[in-house]
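Student: Quick one: sequence plus predicted model below, questions after.
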Amino acid sequence: MKKNVLLLIFLFALNGIYAQKIDIVSLTTIGEGKTKDEAVTNALRSAIEQSFGTFISSQTNIVNDELVKDEIVSVSNGNIKKYDIVDSQSLSNGNTSVTVKSQVSLYTLSSFCKNKGFETEFDGAAFGANIKLQELYAKNEIEAIRQLQIPFLALTDRAFDYKVSAKDPIKAGTYKVTSRNQPIETGPRRQPKTDEWEVPLEITASANQNFFSATEVLFNTLSSLSLSKSEVENYLKINKTVYPFTLCISSKKYDIFYLRSQQSVQQILSLLSSLRNSLMKAEIDANIQTVVISSLPNALDSKNATLINKYGTRNAKNANPFVCQLDNIYLSEVALYSSQMVQSTSLGYSARRVTSKTYENTPFDFLYKLEKNALIHKAGNRGVDFGSVISLSAINKDKYNLLVFNTVHPDLSTDKLSKIKKYTISSK
């Protein structure tokens, strides 16, 4: 008898977890349009479209049906219970991009479709509905970050402003630049002719408003997508993996986001690489020809190179110190542990302990402030799990707001040299 009672209690508990009735789903979507209202409508249509398939099945593409495609996203009919505009950005093409977090009523949506003559089936109270809801949110997270590419890449395409200054010409192959605190002889790519010259150039890049807007839309979108405390707890209860991702975009705006998929993390890192591409594609005009920064022999100044070497994972030639990254960071009250600080021993791997002062006055000095907000901790007293840590330091610290390249305009004959009047630089 006692065993039967315990079995009933277990089944009731299981039913409470896995057989909850699902009606309202909360989705984050991004839309673009000629006006803000059109962008919001497109974002809501994406939310409606993603709602189909998991709980509502249909044989037709209802969302794009000419008869109902506008009405289906109307708040007045109850399909969209409510929505909030998380972020809004004006793009260079004149369009507006918005990030919207909306609540979709699955039951109302299913009824709406049936009233319009479409065959649908709503399955919101099925066994395992909670698991299906998690699957829907995981797909929505990946799709939202994919949609984020459009406004993010549009903004980062012109994310930097430049200045260029030229020094007196020198004989080809004799100019020295400094990288990683070590002098490097640039040297000719071939034996220079007697009348070939190089013009030493100093290129300074700084982040502009497009950079700040791009980081804002990224941060706000991740805030909307991140698992809540209760959702993290539910994931851990059923042994599902949560992926922490820590992002800092200013000295006052930083947080740990808890994502559902490793694919989401990889998509974000791929997005950030666009900043490097944007940085290196500016063109220098010298009256006689136009050259792209990335085609010139270059080296970062020693301060920037040291910053990259210490905190970045990219090589100096293509690195972007506006984006500093640390991977797999764990923080406890007394120490930080990093995969970059793991030393191999005959007994395996041991983490080297470093104090909080290691990150003092660096792009990562905000980490200790986040410790109290963390939801996931590592076993073995390793403290808070931050996952990948990204610091967009251009607005985190003023002193990281400039990037200096020392380079040369090579292979100039005496005749070409005489025709150069002025060096100018602009985004390509």
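Tutor: On my side now, so go ahead.

Student: Give the buried residues for stretch 24-39.
Tutor: By 16 or more other CB atoms under 10 Å, the buried positions in stretch 24-39 come out as 25-33, 36, 39. For every residue, glycine as well, the C-beta is placed using N, CA and C.

Student: So which bits of the helix or strand Ser223 falls within are buried?
Tutor: Using DSSP states H and E, Ser223 maps to helix 209-225. Across helix 209-225, burial judged by 16+ other CB under 10 Å covers 210-225.

Student: same thing with stretch 156-174?
Tutor: Under the neighbour-count criterion of 16+ other CB under 10 Å, stretch 156-174 has 156-162, 164, 166, 169, 172-173 buried.

Student: and these, which of them are in helices?
Tutor: The helices, defined by DSSP state H, take in Thr156 from these.

Student: Among the buried residues of stretch 156-174, which one lies nearest to Pro244?
Tutor: Nearest to Pro244 out of the buried residues of stretch 156-174 is Thr156 (CB to CB; 24.2 Å).

Student: The protein - how does it break down into domains?
Tutor: Per automatic domain parsing, the structural domains of the chain span 2-143, 207-400.

Student: Check which residues of stretch 256-270 are buried.
Tutor: Within stretch 256-270, the residues that qualify as buried are 256-261, 264-265, 267-269, counting by 16+ other CB under 10 Å.

Student: State the pair within those residues that is farthest apart.
Tutor: The distance between the two most remote of these (CB to CB) is 17.9 Å, for Ile256 and Gln267.

Student: next SSE after the helix holding Ser223?
Tutor: Next helix or strand after helix 209-225 toward the C-terminus (DSSP H and E): helix 229-237.

Student: looking just at contacts, which helices and strands does the very next helix or strand once past that following helix meet?
Tutor: Downstream of helix 229-237, the first helix or strand assigned by DSSP H and E is strand 243-250. In this structure, strand 243-250 packs against helix 209-225, strand 253-259, helix 262-279, strand 383-392, with contacts taken as 3 or more CB pairs under 8 Å, 6 or more residues apart in numbering; DSSP states H and E.

Student: Among the ones you listed, show the one with the smallest mean pLDDT.
Tutor: Among the helices and strands packed on strand 243-250, strand 383-392 carries the lowest mean pLDDT, a mean of 82.

Student: the inter-axis angle of it versus strand 253-259?
Tutor: On the basis of axes from the mean of the first three to the mean of the last three CA atoms, to 10 degrees, strand 383-392 is oriented at 120 degrees to strand 253-259.

Student: circling back to that earlier point, let's see which of the buried residues of stretch 156-174 end up in strands.
Tutor: Among the buried residues of stretch 156-174, the ones falling in strands (DSSP state E) are 160-162, 164, 166.

Student: Rebuild those as CSV, extending it with distance to Asn95 and pLDDT.
Tutor: Converted to CSV, these look like this (distance: CB to CB, whole Å; pLDDT from 0 to 100):
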residue, distance to Asn95, pLDDT
Phe160, 22, 90
Asp161, 23, 90
Tyr162, 26, 92
Val164, 32, 92
Ala166, 39, 90
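
Student: Considering these, which is situated nearest to Leu109?
Tutor: Distances from Leu109 to those, taken as CB to CB, are shortest for Phe160 (44.2 Å).

Student: Contacts only, for the nearest residue to the closest one once chain neighbours are set aside.
Tutor: Spatial nearest neighbour of Phe160, chain neighbours left out: Ala205 (4.7 Å); criterion: CB to CB, 6 or more residues apart in numbering. By CB atoms under 8 Å, 6 or more residues apart in numbering, the residues touching Ala205 are 160-162, 279, 282, 402-405.

Student: how many degrees apart are the helix or strand hosting Asp87 and helix 209-225 in direction?
Tutor: Assessed by DSSP H and E, Asp87 sits inside strand 80-90. Put simply, strand 80-90 runs at 160 degrees to helix 209-225, going by the same axes, to 10 degrees.

Student: related to what we said a few turns ago, in a markdown table, list the helices and strands packed on strand 243-250 along with distance to Leu109.
Tutor: Below are the helices and strands packed on strand 243-250 laid out as a markdown table (distance: least, CB to CB, whole Å):
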| stretch | distance to Leu109 |
| --- | --- |
| helix 209-225 | 21 |
| strand 253-259 | 27 |
| helix 262-279 | 26 |
| strand 383-392 | 35 |
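
Student: which stretch among the ones you listed comes nearest Ser427?
Tutor: helix 262-279 (7.9 Å).

Student: Show me what counts as buried in the helix or strand following the closest one.
Tutor: The C-terminal neighbour of helix 262-279 among helices and strands, as given by DSSP H and E, is strand 283-285. Within strand 283-285, the residues scored as buried using 16+ other CB under 10 Å are Ile284.

Student: What strands line up against strand 283-285, and which way round?
Tutor: Sheet pairing of strand 283-285 (DSSP bridges) gives strand 290-292 (antiparallel), strand 424-426 (antiparallel).

Student: picking that back up, any idea how far the residue nearest to Phe160 lies from Arg276?
Tutor: 11 Å (CB to CB, to the nearest Å).

Student: Would you verify that Ala144 is located in a helix?
Tutor: Yes: the assignment for Ala144 is a helix, going by DSSP: H, G, I helix; E, B strand; the rest coil.

Student: Contact partners for it?
Tutor: With contacts defined as CB under 8 Å, 6+ apart, Ala144 is in contact with 27-30, 99, 221, 224-225.

Student: Let me know which of the helices and strands packed on strand 243-250 is the nearest to Lys369.
Tutor: strand 253-259 (7.7 Å).

Student: Now do that closest one: which elements does it pack against?
Tutor: With contacts defined as 3+ CB pairs under 8 Å, 6+ apart, strand 253-259 has these neighbours: helix 209-225, strand 243-250, helix 367-370.

Student: Using a markdown table, please lay out the ones you listed together with distance to Val292.
Tutor: Putting these into a markdown table (distance: least, CB to CB, whole Å) gives the following:
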| stretch | distance to Val292 |
| --- | --- |
| helix 209-225 | 19 |
| strand 243-250 | 28 |
| helix 367-370 | 37 |
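
Student: Which of these sits closest to Thr54?
Tutor: That would be helix 209-225 among these, by CB to CB, at 17.0 Å.
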